[in-house]
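Novice: I'd like to go over a predicted model; first the sequence, then the structure.
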Amino acid sequence: MTAEATDEWHGWRTAAEAALYGPDGFYRRPEGPAGHFRTSVHASPLFAGAVARLLCRVDEALGRPERLDVVDMAAGRGELITGVLAALPTEVAARTRAYAVEIAGRPPSLDHRIEWLPEPPPRITGLLFANEWLDNVPVEVAEVDSAGVPRRILVRRDGTERLGEPVAGAAAKWLERWWPLEGVEGARAEIGLPRDEAWAAAVATLDRGLAVAVDYAHTAPGRPPFGTLTGFREGRETAPVPDGSCDITAHVALDACALPGAALLTQRAALHALGITGARPPLELASTSPAEYVRALASAGEAAELTATGGLGDFGWLIQPVGIPNVLAQGQGTPAH
C-alpha cells in the first residue's frame, strides 16, 4: 500500500467495504470471525438447537414440504448451519436443503450436505437466518457540524477522519425519517439505508417461510446520540481502523429494516419462546443423578448467557414472515412500524 493510497479519503461505507471484504479483507482471514469475537453461535450449541426448533415450526406452518430450505447468512465457517443440521429430527433433516452464504472460501471439513454460496439462492421455501450479518453491511456515517448541518464523514486507511459534504438525497431522507440528528454539533449517526436494501433483497429470495435477522440493534426511541461505529480484534473492542486489521461494525436500526408484517423481539424473548430459559435444574437431581445434574447445570449457565440482560439477551430479533403466520412472535413481539 503506497503512502498516496493510504492518504486517500473515502466515506465509511467504501472504506469499510474494502477493509472487510476486499482481497486482503478482515473476513477473508483463515481464522474466521470466531478468532476475534464471540457470537451466540459460539457461546453455546443451545443456540443452534433453538434455530433448529424454529425451522421445525416453519416446516409445520408450510405443511411439511418435500424440500425444506434453511439459509445461514454470513455463515462464518459454517458453525451455525452445522449445528442446526445436527439438531434436527431425522425425518426433517432428510428433507432439508442447507445453504451457507459467505464470501470466504468453503471450509474443507464442512458437512457435504451444506451448499456454500456467495449469495442466497432464489426461491427459498423455509427459513433464512441472518445472525450478526447486518451489522457488517457497511454504511456511511454522518456528523453534525458547527452550523447544525449533518455531513458525511470521510476517513483514511489509518482511521483519521474529517467532515465531507452535506448528507443529501436518499441518505438525507433516511436520516430525517429514522435518525434525526436535531442539529447538535458532534452528534453522529450511521445511515442504515444499505442495510434496509440488503435485508429487503434477502427477504425477496423467500417464496414462503420466515426470515430472521439477529443483531446488535436499536430502535427509534433509543438511538445513541454519537453512533455506535467500533472495531473488534482478538476478542477486544478497538478503534475502527479501515486497514483490514479489525472487524468494523455498527449497531443496526432494525426498525428501519423491517418490512410490513414484521415484528421485533429481544433475543431473550425469542429464545424463551423456543424453550431456552436458563432455569436451574432441581436440586434433588444432584442426589439422584449427579452427572445429569452437572450437565443440566452447565446447560442452564449457557442458556443464561444467551438470554442475559445487558448481554446477548438484549440483541434484537427481526421476524419477517412471508406467506405463513409468524410462528415465533405471535402474541409476544411488537410490530416493527
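Specialist: That came through fine. This structure is a prediction, so every number in the text was calculated from the model and none was measured.

Novice: buried ones in stretch 111-120?
Specialist: Neighbour counts over stretch 111-120 (16 or more other Cβ atoms under 10 Å) mark 114, 116, 120 as buried. No exception for glycine: its C-beta is placed from N, CA and C like everyone else's.

Novice: Next: stretch 259-269.
Specialist: Under 16+ other Cβ under 10 Å, the buried positions of stretch 259-269 are 259, 262-269.

Novice: Turn the residues you listed into CSV, columns for distance to residue 165.
Specialist: As requested, the buried residues of stretch 259-269 are exported to CSV (distance: Cβ to Cβ, whole Å):
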residue, distance to residue 165
259, 31
262, 33
263, 37
264, 33
265, 38
266, 38
267, 38
268, 41
269, 42
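
Novice: Using PDB, write out every CA atom in stretch 195-202.
Specialist: Output of stretch 195-202 as PDB, limited to C-alpha atoms (Å, rounded to 0.1, in the frame of the first residue of the first chain):
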ATOM      1  CA  ARG A 195     -28.900  -2.400   5.400                       C
ATOM      2  CA  ASP A 196     -32.500  -1.800   4.600                       C
ATOM      3  CA  GLU A 197     -31.800  -2.600   1.000                       C
ATOM      4  CA  ALA A 198     -29.700  -5.700   1.800                       C
ATOM      5  CA  TRP A 199     -32.400  -7.100   4.100                       C
ATOM      6  CA  ALA A 200     -35.200  -6.400   1.600                       C
ATOM      7  CA  ALA A 201     -33.200  -8.300  -1.100                       C
ATOM      8  CA  ALA A 202     -32.600 -11.200   1.200                       C
END
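
Novice: hang on, the earlier thing: determine which two of the buried residues of stretch 259-269 are furthest apart.
Specialist: 259 and 268 (23.5 Å; Cβ to Cβ).

Novice: What pairs with the lengthiest strand in the chain, parallel or antiparallel?
Specialist: Identified as the longest strand of the chain according to DSSP state E is strand 206-215. Here strand 206-215 is paired, per DSSP bridges, with strand 124-131 (parallel), strand 316-322 (antiparallel).

Novice: buried sites along that strand?
Specialist: Quick answer for strand 206-215 (16+ other Cβ under 10 Å): 206, 208-215.

Novice: From residue 19, how far off is residue 258?
Specialist: 28 Å (Cβ to Cβ, to the nearest Å).

Novice: quick one on the thing from earlier: let's see which of the buried residues of stretch 259-269 end up in strands.
Specialist: Secondary structure assignment by DSSP E places 263-266 of the buried residues of stretch 259-269 in strands.

Novice: ok, so of those residues, who is nearest residue 194?
Specialist: Distances from residue 194 to those, taken by Cβ to Cβ, are shortest for residue 264, at 19.8 Å.

Novice: my guess is the closest one meets residue 252, correct?
Specialist: No: counting by Cβ atoms under 8 Å, residue 264 does not reach residue 252; the two are 11.1 Å apart.

Novice: would you list every one of the helices in the stretch 51-200 of the chain?
Specialist: Using DSSP state H, counting those that start in this stretch, the helices found in the stretch 51-200 of the chain span residues 79-87, 90-95, 169-178, 193-203.

Novice: typed the wrong thing, it's the stretch 201-337 of the chain
Specialist: Counting by DSSP H, counting those that start in this stretch, one finds helices in the stretch 201-337 of the chain at the ranges 254-257, 267-273, 285-288, 290-306.

Novice: average pLDDT for the third one?
Specialist: This means helix 285-288. Computed over helix 285-288, the mean pLDDT rounds to 62.

Novice: all strands for the stretch 1-150 of the chain, in order.
Specialist: Assignment of strands within the stretch 1-150 of the chain using DSSP state E, counting those that start in this stretch yields the ranges 10-11, 68-73, 96-101, 114-117, 124-131, 140-144, 150-155.
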